[in-house]
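Trainee: 3D model of this:
(chains A and B)
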Protein chains: 2
Amino acid sequence: MKHRVFYRGMAFGVFLFISTYSFAHAAEAGGALPSWNDGPAKRSIIEFVDRVAQSGSPDFVAPEKRIATFDNDGTLWSERPVYFQLLFAMDRVKDLAPEHPEWKTQQPFRAVLENDMKALAASGEKGLLELVMATHAGMTTKEFEQTVKNWLATAKHPRFKRPYTDLVYQPMLEVLAYLRANGFKTFIVSGGGIEFMRPWTERVYGIPPEQVIGSSIKTKFEMRNGRPALVRLPELNFIDDKAGKPVGINQHIGRRPIAALGNSDGDLQMLQWTAAGKGARYMLIVRHTDEEREWAYDRKSKIGRLDHALDEALKRGWTVVDMKKDWRVIYPFQIK
Amino acid sequence: MKHRVFYRGMAFGVFLFISTYSFAHAAEAGGALPSWNDGPAKRSIIEFVDRVAQSGSPDFVAPEKRIATFDNDGTLWSERPVYFQLLFAMDRVKDLAPEHPEWKTQQPFRAVLENDMKALAASGEKGLLELVMATHAGMTTKEFEQTVKNWLATAKHPRFKRPYTDLVYQPMLEVLAYLRANGFKTFIVSGGGIEFMRPWTERVYGIPPEQVIGSSIKTKFEMRNGRPALVRLPELNFIDDKAGKPVGINQHIGRRPIAALGNSDGDLQMLQWTAAGKGARYMLIVRHTDEEREWAYDRKSKIGRLDHALDEALKRGWTVVDMKKDWRVIYPFQIK
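Mentor: Residues are numbered from 1 along each chain as shown, chains lettered A, B, ... in the order given. Below is the predicted model of the structure:
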């Protein structure tokens, strides 16, 4: 009799242990995406995850194939007044100006030093490239990493007067965490610089450097004072934008994502590439509709233009997020 | 009384559950690396893993930083009579020859069709590149993947009369598994083609495509019959060998490995780059010393030459594996 009670207790102990875990898991699912208002966008995410991650589902996808790719600028963090990386480059030009007296008269540097955004825009892609090469090359990878960290620790966004990494979207942080809790591997696939993102994506998004894909300049291995170093060269290596995104995905990941999330025409090919695979697929576009809490722009915008990709999303029934309607809060610091 | 027994049973149940897990873990550690003979090489691996993975160790490394990079040819699988990828390219030339009557008189194709290895070697790097472009480009990534899979399913190694993927080193499979069981992320960093490896590395090594780094040709995103495709172009993108290895590691992983394992001068810079980081480091060179069970070659070899890297390994005290002495078996099919 005693034995039977003992074993019953033992079984209960094991049950207790297991059910605590199950309960924790269920709780997680129930409270998923708290910063999303109820609606078709939120529902579409949860439904997709259930379809691919629940064993027994006809659309079940093995965990190693649960690859989700996220654009960064305008999808995970804001991109106004201009891409934050451009603001970084401009601040660098100001820091380095004393060593470059010629910049006072030479475009696009003069435009930066005089805060003349119109002249800067007039310098076009060629001007931007010159800015990038002057500020992103000529140092080791380690030195550049430190420069990015220093900037993020001190620079403030002009409108919100906060560090740039505060301007990430709380609802998207929740999507990242929700996907990972359901066995997904989350990647960034951005037109921005790969080495500009890596110093902070793990801390801010939980995305380690090896899951960050972006544009890059060439680097060269060399010995400096008997120690190996990687030196950043003023030469483009890869532009991870538009038709470059599926190329970058293939180069880095080597398999097709089953989910892709973006916000602009620069993401169209990534979404098309993702959509064209077999089985369950998830494509999402963030639409900037909230002038009050963030910004409102789409078809006519120079930065983050959303035109063709919006047409395609509407035609194909991809999820279109309306920031104003769908997001309860925009930034983590707005959580009450 | 009954209650007390019940609770005691319950506690025992929880204990049973936990201790089963702990025991499983201990068993794993005790039986690690069974295909390695006892000796300094085997001990060095286990000691390093203990140093970085045991909590409380002064050299403890957080799991996300436990990055280990492995060369492939000659480190994870054999590379004789020549790199297996070259044998693949040669078989492809023979398959495609009917569509290319001009190859009968044109080097290096003629050499391949006549099995004239001397003439092929005489065509040099330029000839090899021509072979690669003629056999690795001009199709979609999906088509190429299928070609590799078909070849591996049918081709046999000339000496062992077995599929090439049977010629992987059992002791290194155990190192891969042992590192992963201790929280490491394992990567391949090979001079071989990235898309030649990815179709089989997950099945054979447990290394997913996103953890494979290699040489590559360019690809282009385009619409084919209204569907997106990535087309392989006859243009070099990146050579992941020698000084290219740290560059490839930085591009793909974005942080420095704490362990690197190779077998030739092509791995020297990867090992130097790994060794130059702070904290505990592990560098290993496989030395091919077993003519009977595998092959014996080092300083004078054209394929897999181990000369400068061996000097550096000996000078710096990196682990040098003597295949003949250190490995109980070479290939999985030799396990009794």
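Trainee: Please make it C-alpha for all contacts and neighbour counts, starting now.
Mentor: Noted.
Trainee: ok, A:Leu86 to chain B distance?
Mentor: A:Leu86 sits 21 Å away from chain B, taking Cα to the nearest Cα, to the nearest Å as the criterion.
Trainee: What helix or strand is that residue located in?
Mentor: Assigned by DSSP states H and E, A:Leu86 belongs to helix A:84-96.
Trainee: Please apply the same query to A:Leu284.
Mentor: Secondary-structure assignment from DSSP H and E places A:Leu284 in strand A:282-289.
Trainee: counting contacts, what elements does that strand pack onto?
Mentor: Here strand A:282-289 touches strand A:259-262, helix A:268-275, strand A:296-297, helix A:308-316, strand A:319-322, helix A:323-326, going by 3 or more Cα pairs under 8 Å, 6 or more residues apart in numbering or on different chains; DSSP states H and E.
Trainee: so A:Gly254 sits right up against B:Glu210, yeah?
Mentor: Yes. The criterion here is Cα atoms under 8 Å, and A:Gly254 meets it with B:Glu210 at 5.7 Å.
Trainee: List the contacts of the closest residue to chain B within the stretch 51-200 of chain A.
Mentor: Proximity of the stretch 51-200 of chain A to chain B (Cα to the nearest Cα) peaks at A:Arg198, 7.2 Å away. By Cα atoms under 8 Å, 6 or more residues apart in numbering or on different chains, A:Arg198 lies in contact with A:208-209, A:212, B:254.
Trainee: Just checking: what are the partner strands of the strand holding A:Leu284?
Mentor: strand A:259-262 (parallel), strand A:296-297 (antiparallel), strand A:319-322 (parallel) (DSSP bridges).
Trainee: Touching it from outside, list them.
Mentor: Strand A:282-289 is contacted by residues A:48, A:74-75, A:258-264, A:271, A:274-275, A:294-298, A:306, A:310, A:313, A:318-324 when judged by Cα under 8 Å, 6+ apart.
Trainee: which residues in the stretch 101-250 of chain A form strands?
Mentor: Along the stretch 101-250 of chain A, counting by DSSP state E, counting those that start in this stretch, strands occupy A:185-193, A:212-224, A:227-238.
Trainee: With respect to burial, which of those scores highest?
Mentor: strand A:185-193 (a mean of 24; mean count of other Cα atoms under 10 Å in any protein chain shown).
Trainee: Spell out whether that one and chain B are in contact.
Mentor: No. If you take Cα under 8 Å from any Cα of the partner chain as the test, strand A:185-193 misses chain B, and the best it gets is 10.5 Å.
Trainee: partners of that strand, with directions?
Mentor: Per DSSP bridges, strand A:185-193 is paired in its sheet with strand A:67-70 (parallel), strand A:212-224 (parallel).
Trainee: Could you save these as JSON lines and add columns showing mean pLDDT?
Mentor: As requested, those are exported to JSON lines (pLDDT from 0 to 100):
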{"stretch": "strand A:67-70", "mean pLDDT": "99"}
{"stretch": "strand A:212-224", "mean pLDDT": "97"}
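Trainee: Now tabulate the ones you listed in JSON lines and tack on distance to A:Pro246.
Mentor: Below are the strands paired with strand A:185-193 laid out as JSON lines (distance: least, Cα to Cα, whole Å):
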{"stretch": "strand A:67-70", "distance to A:Pro246": "10"}
{"stretch": "strand A:212-224", "distance to A:Pro246": "11"}
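Trainee: Let me know how buried A:Ala53 is, in neighbour terms.
Mentor: A:Ala53 has 19 neighbouring residues, counting by other Cα atoms under 10 Å in any protein chain shown.
Trainee: Could you do A:Ala89 as well?
Mentor: 20.
Trainee: got it, and the one 10 residues further on?
Mentor: Burial of A:Glu99 is recorded as 9 neighbouring residues (other Cα under 10 Å).
Trainee: repeat for the one 4 residues further on
Mentor: One way to gauge burial is a neighbour count; for A:Trp103, by other Cα under 10 Å, it gives 19.
Trainee: quick one: contacts for the closest residue to it other than its chain neighbours?
Mentor: In space, and not counting its chain neighbours, A:Trp103 is closest to A:Phe109: 5.2 Å by Cα to Cα, 6 or more residues apart in numbering or on different chains. Contact partners of A:Phe109, counting by Cα under 8 Å, 6+ apart, are A:93, A:103, A:131.
Trainee: My guess is the first one contacts A:Ala111. True?
Mentor: Same thing as A:Val93. No. Between A:Val93 and A:Ala111 there is no contact under Cα under 8 Å: 10.4 Å.
Trainee: on that earlier part again, export the strands paired with strand A:282-289 as JSON lines, with columns for mean pLDDT, mean neighbour count and distance to A:Arg180.
Mentor: Formatted as JSON lines, those follow (pLDDT from 0 to 100; neighbours: other Cα atoms under 10 Å in any protein chain shown; distance: least, Cα to Cα, whole Å):
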{"stretch": "strand A:259-262", "mean pLDDT": "99", "mean neighbour count": "27", "distance to A:Arg180": "12"}
{"stretch": "strand A:296-297", "mean pLDDT": "98", "mean neighbour count": "15", "distance to A:Arg180": "30"}
{"stretch": "strand A:319-322", "mean pLDDT": "98", "mean neighbour count": "18", "distance to A:Arg180": "20"}
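Trainee: Make a markdown table out of the ones you listed and add distance to A:Gly31.
Mentor: Below are those laid out as a markdown table (distance: least, Cα to Cα, whole Å):
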| stretch | distance to A:Gly31 |
| --- | --- |
| strand A:259-262 | 22 |
| strand A:296-297 | 29 |
| strand A:319-322 | 20 |
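Trainee: Out of these, which gets nearest to B:Phe333?
Mentor: B:Phe333 lies closest to strand A:259-262 among the strands paired with strand A:282-289, at 39.7 Å (Cα to Cα).
Trainee: which residues sit against the closest one?
Mentor: For strand A:259-262, contacts defined as Cα under 8 Å, 6+ apart pick out A:67-72, A:74-75, A:270-271, A:274, A:281-286.
Trainee: run the last query once more with 7 Å
Mentor: Strand A:259-262 has contacts (Cα atoms under 7 Å, 6 or more residues apart in numbering or on different chains) with A:67-71, A:75, A:270-271, A:274, A:281-286.
Trainee: Could you check how far it is from the centre of its chain?
Mentor: 10 Å (Cα atoms, centre = their mean, to the nearest Å).
Trainee: Also stretch A:284-292?
Mentor: For stretch A:284-292, the distance to the chain centre is 16 Å (Cα atoms, centre = their mean).
Trainee: Report the buried residues of it.
Mentor: Within stretch A:284-292, the residues scored as buried using 16 or more other Cα atoms under 10 Å in any protein chain shown are A:284-290.
Trainee: A:Arg51 contacts A:Val61, doesn't it?
Mentor: No. The pair A:Arg51 / A:Val61 is not scored as a contact, 8.5 Å apart, by Cα atoms under 7 Å.
Trainee: Pick out the residue of the stretch 101-250 of chain A closest to chain B.
Mentor: For the stretch 101-250 of chain A, Cα to the nearest Cα, closest residue to chain B: A:Glu210, 4.0 Å.
Trainee: That residue touches B:Gln251, doesn't it?
Mentor: No. With contact defined as Cα under 7 Å, A:Glu210 does not reach B:Gln251; the gap is 8.5 Å.
Trainee: Fine by me, we can end here.
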